[in-house]
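Novice: the sequence isn't on hand, but the structure is:
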């Protein structure tokens, strides 16, 4: 089941949007969570540590319907060198090129790792120890990384969520698919 319950705070939300229609939801400032009773995924306003209803005056500004003919423009992911990644980019998806892991082939992904340019400029890459690939060895050689820029304990980091987001620079091949 791929149900998403949107907590709108409107009595007849179903009447405001076409059945089986496509919706665009501006989710910034909203919270995603699971209903404790039935585990259904919910989207709504932050309410303490749980998900609450979106104020009715905000619903129509946050949720709009789209027809098949209205295309949503794809997000352009900026391509940067490790030295071009800044704190102002925190929360953004970026592609970082021109580097390699200093301990590629020796250490695993888990924790903080150093991704460096040939000139010695580097960026910290963080992988959760709970990631499915955390215990895999870091790949060797020049590669591009796609991840989210974060700042943790005043340290700039790039978070990788999957090896599907790591590409060998020379070949343009995906690290995850190369390993298969």
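Specialist: It's in. Treat the numbers as computed from the prediction; the structure is a model and nothing was measured.
Novice: centre-most residue in the protein?
Specialist: Among the residues of the chain, the one closest to the centroid is residue 148, at 5.9 Å (Cα atoms, centre = their mean).
Novice: quick one: secondary structure of residue 59?
Specialist: Three-state call for residue 59 (DSSP: H, G, I helix; E, B strand; the rest coil): helix.
Novice: quick check, it in contact with residue 23.
Specialist: No - contact criterion Cβ atoms under 8 Å: residue 59 and residue 23 do not qualify, at 11.3 Å. For glycine as for every other residue, the C-beta is placed from the backbone atoms N, C-alpha and C.
Novice: who has more neighbours, these two?
Specialist: Neighbour comparison, residue 59 and residue 23: the larger count goes to residue 59, with 18 against 12 (by other Cβ atoms under 10 Å).
Novice: return the helix or strand in this structure with minimum mean pLDDT.
Specialist: Within the chain, no helix or strand scores below helix 175-179, which has a mean of 53 by mean pLDDT, DSSP states H and E.
Novice: so the residue nearest to the centre of the chain lies in a helix, does it not?
Specialist: No - the assignment for residue 148 (three-state DSSP) gives strand, which keeps it out of a helix.
Novice: so what sits opposite it in the bridge?
Specialist: For residue 148, the beta-bridge partners are residue 93, residue 159 (DSSP bridges).
Novice: who's in contact with it?
Specialist: 91, 92, 93, 94, 158, 159, 161 (Cβ atoms under 8 Å, 6 or more residues apart in numbering).
Novice: which of these lies closest to residue 77?
Specialist: The nearest member of those to residue 77, counting by Cβ to Cβ, is residue 93 at 5.5 Å.
Novice: where are the low-confidence patches of the protein?
Specialist: For the chain, the stretches with pLDDT under 70 are 1-3, 9-15, 18-20, 36-38, 67-75, 170-180.
Novice: mind listing the helices for it?
Specialist: Secondary structure of the chain (DSSP state H): helices located at 13-16, 56-62, 175-179.
Novice: and residue 166, how many neighbours?
Specialist: Residue 166: 22 surrounding residues under other Cβ under 10 Å.
Novice: please report the distance of residue 44 from residue 152.
Specialist: Separation of residue 44 from residue 152 (Cβ to Cβ, to the nearest Å) stands at 27 Å.
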